[in-house]
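1. Next input, structure requested:
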Amino acid sequence: MKLFFHTLRWKIVNSVKQYKTGAVFHLLIELCVRSEEQSLAFGGQAIIEGVMMRSSTHVAMCVRQPDETILTHSERIRSISDKHRVLKLPFLRGIVGLIETFYLGVRGIYFSSSALLEEEEKFTYKEFAVVVALALALSSIFFVLPFALTTVLGLTGLIFNVVEAITRLVMFLSYLAIISMWGEFSRILQYHGAEHKAINAHEAGAELNVTSIQGFSRFHPRCGTSFIFIVIIVSILLFSAMPDLGLVARLGYRLLLIPVIGTISYELLKLSDRFRNSIIMRVLTMPGLAFQRLTTRAPSSDMIEVAVEAIREVRRQSSS
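-> Modelled structure (predicted):
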């Protein structure tokens, strides 16, 4: 079994070394389903052979290296909204929050890939710009292709928007199902499960050790998977409210409204966190929990150990 895991690690390292840009592209889906847990001011994300944990003031990245040791990097972070209070207003804070979370997530991926390669590589804004371009291209595909397919059917009005949204969801889930069968990526999904278990244990006030955390669920109601479903509902409502100005105009505002849909969905996600114990919110988050069976896998004990180290480190830094 140990040899099996070493073999998988070697494949990941070679994949990153030879096709780093391609590897990051495939890992963008992990950013799309990144955890948005904000209860107790903690959130997290799986990275390559590791876990990243974040508080409102610090971020910690922990990676299992080929020699079995855990490499830990932590640093203080400060949101730009702390400098400009106007950016804390609703909807503006969503834009800032999504950009900053995405930036830290990509940095985490580059840090973990460099750790596996055992070489130091600086993450520059140029590399971030490349990843942003890839992310925008991927997002555009998921908006343009469903629109084109639904247009061919000759549908109109609310029915058009609903069918378009369902088509988008089916495409997204199909993509998840395909990449989850890739052996190397399945380990990232296991670390995603480890991160969820650690967050659940943290929020429950349980002891942060492997034995305790193994008993918690790998599903979390405020995972980014739930964010995807909120995006779909918001897109249906928003597109239905827009006037029909012709095919080109309808396609245009679908692309232009992507940031608007994201910020509205961000606010609704925060609202679901505030009222997470209500029956309505539990019902609304059920689809996201169900589809986390695709975006998470049951983690091994050594993966949970990495998640434990990450959450302990960010707690130490945040309390100091």
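2. Is it correct that residue 45 falls within a strand?
-> Yes: assessed with DSSP: H, G, I helix; E, B strand; the rest coil, residue 45 lies in a strand.
3. What strand or helix carries the closest residue to residue 103 other than its chain neighbours?
-> Spatial nearest neighbour of residue 103, chain neighbours left out: residue 128 (6.4 Å); criterion: CB to CB, 6 or more residues apart in numbering. Where C-beta positions appear, they are placed from N, C-alpha and C, glycine not excepted. Assigned by DSSP states H and E, residue 128 falls within helix 125-152.
4. For that helix, give the mean pLDDT please.
-> On average, the pLDDT along helix 125-152 is 84.
5. how many other residues sit next to residue 148?
-> Using other CB atoms under 10 Å, residue 148 has 13 neighbouring residues.
6. could you check the distance from it over to residue 257?
-> For residue 148, the distance to residue 257 equals 17 Å [CB to CB, to the nearest Å].
7. With residue 190 instead?
-> 35 Å.
8. With residue 147 instead?
-> Relative to residue 257, residue 147 is positioned 12 Å away (CB to CB).
9. When the two are compared, which one has more neighbours?
-> Taking neighbours as other CB under 10 Å, residue 147 and residue 257 compare with residue 147 leading, 20 against 17.
10. So which residues of the stretch 51-200 of the chain form strands?
-> In the stretch 51-200 of the chain, the strands defined using DSSP state E, counting those that start in this stretch lie at 58-64, 70-76.
11. export these to JSON lines and tack on mean pLDDT?
-> As requested, those are exported to JSON lines (pLDDT from 0 to 100):
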{"stretch": "strand 58-64", "mean pLDDT": "94"}
{"stretch": "strand 70-76", "mean pLDDT": "94"}
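12. so the helix or strand hosting residue 268 versus helix 125-152, what angle?
-> Using DSSP H and E, the secondary-structure element containing residue 268 is helix 258-274. Counting by axes from the mean of the first three to the mean of the last three CA atoms, to 10 degrees, helix 258-274 points 100 degrees away from the direction of helix 125-152.
13. need the next SSE after helix 258-274, C-terminal direction.
-> helix 279-295.
14. Just the buried residues of the helix holding residue 268, please?
-> For helix 258-274, the neighbour count (16 or more other CB atoms under 10 Å) marks 258, 260-270, 272-273 as buried.
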